[in-house]
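Peer 1: Here you go, sequence then predicted model.
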Amino acid sequence: MPTNSNQTYEIIEVCLLAGKIMLESGAETGRVEDTMTRIAASFGIEDAHSYVTPTGIIFSADGMAPAKLIRISERTTDLRKVTLVNSISRNISGGQVSLDEAYTALKNIEKRNLMYPIWVQIAAASISSGCFLIMFQGVWQDFVPAMIAGGLGFSCLLYFHYLVQIKFFAEFSASFIIGFISFLFIQMGIGHELDKIIIGSVMPLVPGLLITNAVRDLMSGHLVSGISKGADAFLTASAIGSGIAVVLSFLN
C-alpha cells in the first residue's frame, strides 16, 4: 500500500504515462481506462478513477490527492507500443516490476520510434492497393496502375502530414493526387476501370482503426469517445471523398 503522498503521486504519474502512450498509439478508450486502473490497483490504490477522451485523460487516485489532467494532441497508429504497455501492465500485476522500473520502462517506450521505415509503409500501401483492386473485382491489367497510384498517394499523405499540421488537409490532397493519377492512366490507355483503380488506391487512406475503435467505444458505453472518434472518421472519409470528387468534376 502507498505510505505517503509522494508515492501516490508517483503511481499517478505511471498510470498517466501508460494511458498517454496507449491513447496516442491508437488504443481504444476502454483498454486505456482498464490498464490505468489495473496498474493503480497493483500498487495498492483500489479506488482509482479515470476519464479518457481522445484529446485528454483525467485520473484520480483515491479521492484525496488532486486529480491530474494530461492533454493528448497527437494520435497515430502504433499497436506495438500498445502491446508493450499491456505487457508492462501484466508484469506489474504479477509483482515482477517495481514502481521505478515501470516508470523507466514506460519512458523508454515513449521515446522509441517503433514505426516501420517510410519505404516499408509506402511499399505496403502500394501492394495493398493492388490487392484491394482485385478484391473489389477489378481486372489484373489494372493491378500495376493501382499500385502506382496508391503508393504515390500514400507518399503524399505522409509528406503533407509532415509539411502542414492541418487536420484532413493531407487526406484531401492525397486522394486528389490518387484521382488525378488514376485518370491519367485511363487517358493513356494503361488503365481500364477508373472506379476500381480509385477504390483500390484510396483504401490505405481509410481510417479503419478509428472506425473500429469508435464502434467498440460506443458498444462499451464510452459515448463521448465513441461519438468524437466517429466524427473524426467521418470527416476523414469526407476529405478523401472530396478529393476524388474534385478530380472527377474537373476532368470528366
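Peer 2: Nice, thanks for sending it over. Numbering: from 1, shown residues only.
Peer 1: Tell me who's in contact with the closest residue to residue 140 other than its chain neighbours.
Peer 2: Using C-beta to C-beta, 6 or more residues apart in numbering and skipping the chain neighbours, the partner closest in space to residue 140 is residue 134 (7.1 Å). Quick note: C-beta positions are derived from backbone N, CA and C, even for glycine. Shown in contact with residue 134 (C-beta atoms under 8 Å, 6 or more residues apart in numbering): 140, 143, 200.
Peer 1: Same list (those residues) but as a markdown table, adding pLDDT and distance to residue 29.
Peer 2: Formatted as a markdown table, the contacts of residue 134 follow (pLDDT from 0 to 100; distance: C-beta to C-beta, whole Å):
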| residue | pLDDT | distance to residue 29 |
| --- | --- | --- |
| 140 | 91 | 42 |
| 143 | 94 | 39 |
| 200 | 92 | 32 |
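Peer 1: Drop anything exposed from those residues.
Peer 2: Buried members of the contacts of residue 134, scored by 16 or more other C-beta atoms under 10 Å, are 143, 200.
Peer 1: For the contacts of residue 134, could you give me CSV that also reports secondary structure and distance to residue 34?
Peer 2: Converted to CSV, these look like this (DSSP: H, G, I helix; E, B strand; the rest coil; distance: C-beta to C-beta, whole Å):
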residue, secondary structure, distance to residue 34
140, helix, 46
143, helix, 43
200, helix, 37
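Peer 1: circling back to that earlier point, correct me if wrong, but the residue nearest to residue 140 is in a strand.
Peer 2: No: using DSSP: H, G, I helix; E, B strand; the rest coil, the secondary structure at residue 134 is helix, not a strand.
Peer 1: ok so, going back, between the contacts of residue 134, which sits nearest residue 155?
Peer 2: Residue 155 has its nearest neighbour among these in residue 200, at 16.1 Å by C-beta to C-beta.
Peer 1: Is it correct that that closest one is in contact with residue 144?
Peer 2: No: using C-beta atoms under 8 Å, residue 200 is not in contact with residue 144, being 11.4 Å away.
Peer 1: what's stretch 210-222 in contact with?
Peer 2: With C-beta under 8 Å, 6+ apart, stretch 210-222 has contacts from 26-30, 52, 223, 225-227, 229-230, 232-233, 236.
Peer 1: what about that stretch, average pLDDT?
Peer 2: Per-residue pLDDT values across stretch 210-222 average out to 87.
Peer 1: Show me which parts of that stretch are buried, residue by residue.
Peer 2: Across stretch 210-222, burial judged by 16+ other C-beta under 10 Å covers 210, 211, 213, 214, 216, 217, 220, 222.
Peer 1: next one: stretch 178-190
Peer 2: Within stretch 178-190, the residues that count as buried by 16+ other C-beta under 10 Å are 178, 179, 180, 181, 182, 183, 185, 186.
Peer 1: Could I get those in CSV, plus columns for secondary structure?
Peer 2: Putting these into CSV (three-state DSSP) gives the following:
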residue, secondary structure
178, helix
179, helix
180, helix
181, helix
182, helix
183, helix
185, helix
186, helix
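Peer 1: longest helix of this protein?
Peer 2: In the chain, taking DSSP state H as the definition, the longest helix is helix 223-251.
Peer 1: Using CSV, write down the CA coordinates of the strand or helix carrying residue 41.
Peer 2: Using DSSP states H and E, residue 41 sits within helix 29-42. Below are the C-alpha coordinates for helix 29-42, written out as CSV (Å, rounded to 0.1, in the frame of the first residue of the first chain):
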residue,chain,number,x,y,z
THR,A,29,-10.8,4.1,-24.6
GLY,A,30,-11.9,1.1,-22.6
ARG,A,31,-8.5,-0.5,-22.9
VAL,A,32,-6.7,2.6,-21.7
GLU,A,33,-9.0,3.1,-18.7
ASP,A,34,-8.7,-0.6,-17.7
THR,A,35,-4.9,-0.6,-17.9
MET,A,36,-4.6,2.5,-15.8
THR,A,37,-7.0,1.1,-13.2
ARG,A,38,-5.2,-2.2,-13.0
ILE,A,39,-1.8,-0.5,-12.6
ALA,A,40,-3.1,1.6,-9.8
ALA,A,41,-4.7,-1.4,-8.1
SER,A,42,-1.5,-3.4,-8.4
